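Trainee: could you work out the structure for the sequence below:
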Amino acid sequence: MDKPRTRDSKEKALRDSGALNTHPVTDALFNDSDFFDSRDLVQVKYEMLRKVQKEGESVSSAAASFGFSRPSFYKILSDFQHKGIVGLLPQKRGPRDGHKLTAEVMELIKEFCTKEQPMSIPALLEEVEMRLGVRVHRRSLERALQRCEKKMASTQGKKKREIC
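Mentor: Next up, the predicted model:
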């Protein structure tokens with residue numbers, strides 16, 4: 001009776017971490033096994049690589065039976081060779097943060113936000129590009145300003161807030 005609850009909690013943990021496998025796995029290793037879990041993306045990727053490297057199965061056959069394409073297999077193999085088991089963990093794509101919003105850019109934005117007449121977002125973007133040569137996306141700037149406003153709200157309580 002504990003088995004379904006354990007499986008549900010594992011599935012939730014895998015989903016929360018982004019490691020829940022949604023690819024159909026038809027490999028015999030994962031049929032009726034308590035140890036091998038086709039929902040565990042890291043385990044599925046590792047076993048697919050092992051099948052090719054240690055058992056000599058063809059890339060096409062292994063990729064198909066583990067629910068991946070050949071190009072995906074080679075990407076997974078490359079990630080594993082460069083990073084080890086950590087390379088099998090799912091990674092978010094793209095930049096991780098507002099990498100163009102350096103301290104210098106934020107200082108300039110704060111300078112313009114504290115004036116009596118705050119500038120509009122398009123005017124701020126234009127000013128940053130003209131003065132610093134950095135082209136910032138409108139939405140990145142809006143999120144940065146929201147974070148500033150949130151920070152100001154938490155430090156000033158219910159006092160009147162400025163944008164930055």
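
Trainee: low-scoring stretches of the protein, by residue?
Mentor: For the chain, the stretches with pLDDT under 70 are 1-7, 94-97, 115, 152, 155-164.

Trainee: what about the helices in it?
Mentor: 2-17, 41-55, 59-65, 70-83, 103-113, 121-132, 138-156 (DSSP state H).

Trainee: quick one: contacts for residue 73?
Mentor: 48, 49, 52, 59, 62, 63 (C-beta atoms under 8 Å, 6 or more residues apart in numbering). From N, CA and C alone the C-beta is placed, and that goes for glycine too.

Trainee: the fourth one and residue 145: what is the separation?
Mentor: Right, residue 59. 49 Å (C-beta to C-beta, to the nearest Å).

Trainee: who's more crowded, the two?
Mentor: residue 145 (19 against 15; other C-beta atoms under 10 Å).

Trainee: do I have it right that residue 59 meets residue 70?
Mentor: Yes - here residue 59 lies in contact with residue 70, judged by C-beta atoms under 8 Å, at a distance of 5.8 Å.

Trainee: tell me, what's touching those two both at once?
Mentor: With C-beta under 8 Å, 6+ apart, residue 59 and residue 70 have no common neighbours.

Trainee: among the contacts of residue 73, who's most crowded?
Mentor: residue 48 (28 neighbours).

Trainee: that one against residue 63, yeah?
Mentor: Yes - using C-beta under 8 Å, residue 48 makes contact with residue 63 at a distance of 6.9 Å.

Trainee: re earlier: so which of the helices of the chain is nearest residue 89?
Mentor: Across the helices of the chain, residue 89 has its closest neighbour in helix 41-55 (6.2 Å, C-beta to C-beta).

Trainee: so the residue located most distally from the centre of the chain versus residue 80, what's the distance?
Mentor: In the chain, the residue that sits farthest from the middle, by C-alpha atoms, centre = their mean, is residue 116; the gap is 39.1 Å. Separation of residue 116 from residue 80 (C-beta to C-beta) stands at 58 Å.

Trainee: now swap in residue 41 and tell me
Mentor: With C-beta to C-beta as the criterion, residue 41 and residue 80 are 13 Å apart.

Trainee: who's in contact with residue 38?
Mentor: Applying C-beta under 8 Å, 6+ apart, the residues near residue 38 are 21, 25, 30, 44.
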